[in-house]
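Asks: Fold the following and give me the result.
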Amino acid sequence: MLSFIAKALSSDSRYIWGNILAPCEVINSMGIRMISVEALACFLSGYHLEDFFIDYAQSIGLAPTLCSYHKAFVGAVESGVCPKPKYAVTTSLSCDGNLNTFRFLEKQEQVPFSLLDVPYTNDEDAVIHFCHWGCKQVSGGSNILKNDMKEKEIPMLILDGDGIDKRNSHDGQIKTRLEAFLEMIEEDD
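Replies: Next up, the predicted model:
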């Protein structure tokens, strides 16, 4: 991952920002590299730098309840560590933080972006829903999704945690709940 990020950042005229579900294959086929908000945040976390960038983002006014992936990314951009590209692309998939993050960076850094509104299908056998701390979309939709899965008799597990800021996560509890859910599914088969 380091070489991918380094290669993208080394040629700022040929890289864009994106979210993890943006169509990087299409973008790469045009000779343009893409760095996702989430991938860069994970990279920073891997080097134990997330606290600094999250705190930086909060010091410039981002809410403590905003997704930590997005806070780490914005902190890296706003502190000058991550150079700005000429363009960005995001999707409607998975996360409502994407649109707000890219709107913020368009305003603050003058990086225009496109939103790809992607439809989805609903054909699950079981659902594991990770409720990322600070993500209002997954938190707010958890009960709606749980009720919908219950009506369809689809087993569902809601896991609460934080994918990047370890101060908000309980790995032992998550592991125990996940193992129990997987055992339950295997017994039902």
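
Asks: Name the next helix or strand downstream of the helix-or-strand element of the chain with minimal mean pLDDT, please.
Replies: Of all the helices and strands that make up the chain, helix 2-10 has the lowest average by mean pLDDT, DSSP states H and E, namely a mean of 65. Reading on from helix 2-10 to the C-terminus, the next helix or strand found by DSSP states H and E is strand 15-18.

Asks: Can you list the strands that that following strand pairs with?
Replies: Using DSSP bridges, the strands paired with strand 15-18 in its sheet are strand 33-36 (parallel), strand 88-91 (parallel).

Asks: List the buried residues of the strand or helix carrying residue 105.
Replies: Using DSSP H and E, residue 105 falls within helix 97-109. For helix 97-109, a neighbour-count test (16 or more other Cβ atoms under 10 Å) marks 97, 98, 100, 101, 102, 104, 105, 109 as buried. In short, each C-beta sits where N, CA and C put it, glycine included.

Asks: List just the nearest of these to residue 36.
Replies: Within the buried residues of helix 97-109, distances to residue 36 taken as Cβ to Cβ reach their minimum at residue 98, with 9.8 Å.

Asks: how about the buried residues of helix 97-109 in JSON lines, adding distance to residue 162 and pLDDT?
Replies: Written out in JSON lines, the entries for these read as follows (distance: Cβ to Cβ, whole Å; pLDDT from 0 to 100):
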{"residue": "97", "distance to residue 162": "13", "pLDDT": "73"}
{"residue": "98", "distance to residue 162": "17", "pLDDT": "80"}
{"residue": "100", "distance to residue 162": "18", "pLDDT": "86"}
{"residue": "101", "distance to residue 162": "17", "pLDDT": "89"}
{"residue": "102", "distance to residue 162": "21", "pLDDT": "91"}
{"residue": "104", "distance to residue 162": "20", "pLDDT": "92"}
{"residue": "105", "distance to residue 162": "22", "pLDDT": "92"}
{"residue": "109", "distance to residue 162": "26", "pLDDT": "93"}
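
Asks: rewinding a little: excluding its own residues, what touches the helix holding residue 105? List them.
Replies: With Cβ atoms under 8 Å, 6 or more residues apart in numbering as the test, helix 97-109 has contacts from 17, 19, 37, 66-67, 69-70, 73-74, 77-78, 84, 88, 90-92, 111-113, 115, 135-137.

Asks: Can you show me the CA trace of the top helix by length along the chain as PDB?
Replies: For the chain, the longest helix by residue count, based on DSSP state H, is helix 171-188. Coordinates of the C-alpha atoms in helix 171-188 are reproduced here as PDB (Å, rounded to 0.1, in the frame of the first residue of the first chain):
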ATOM      1  CA  ASP A 171     -11.500  -5.500  19.700                       C
ATOM      2  CA  GLY A 172     -12.000  -8.300  22.200                       C
ATOM      3  CA  GLN A 173     -15.700  -7.700  22.400                       C
ATOM      4  CA  ILE A 174     -16.000  -7.400  18.600                       C
ATOM      5  CA  LYS A 175     -14.100 -10.700  18.100                       C
ATOM      6  CA  THR A 176     -16.300 -12.600  20.600                       C
ATOM      7  CA  ARG A 177     -19.600 -11.300  19.100                       C
ATOM      8  CA  LEU A 178     -18.400 -12.100  15.600                       C
ATOM      9  CA  GLU A 179     -17.300 -15.600  16.500                       C
ATOM     10  CA  ALA A 180     -20.700 -16.300  18.200                       C
ATOM     11  CA  PHE A 181     -22.600 -15.000  15.200                       C
ATOM     12  CA  LEU A 182     -20.600 -17.100  12.800                       C
ATOM     13  CA  GLU A 183     -21.200 -20.200  14.900                       C
ATOM     14  CA  MET A 184     -24.900 -19.500  14.900                       C
ATOM     15  CA  ILE A 185     -25.000 -19.200  11.100                       C
ATOM     16  CA  GLU A 186     -23.000 -22.500  10.700                       C
ATOM     17  CA  GLU A 187     -25.500 -24.300  13.100                       C
ATOM     18  CA  ASP A 188     -28.400 -23.000  11.000                       C
END
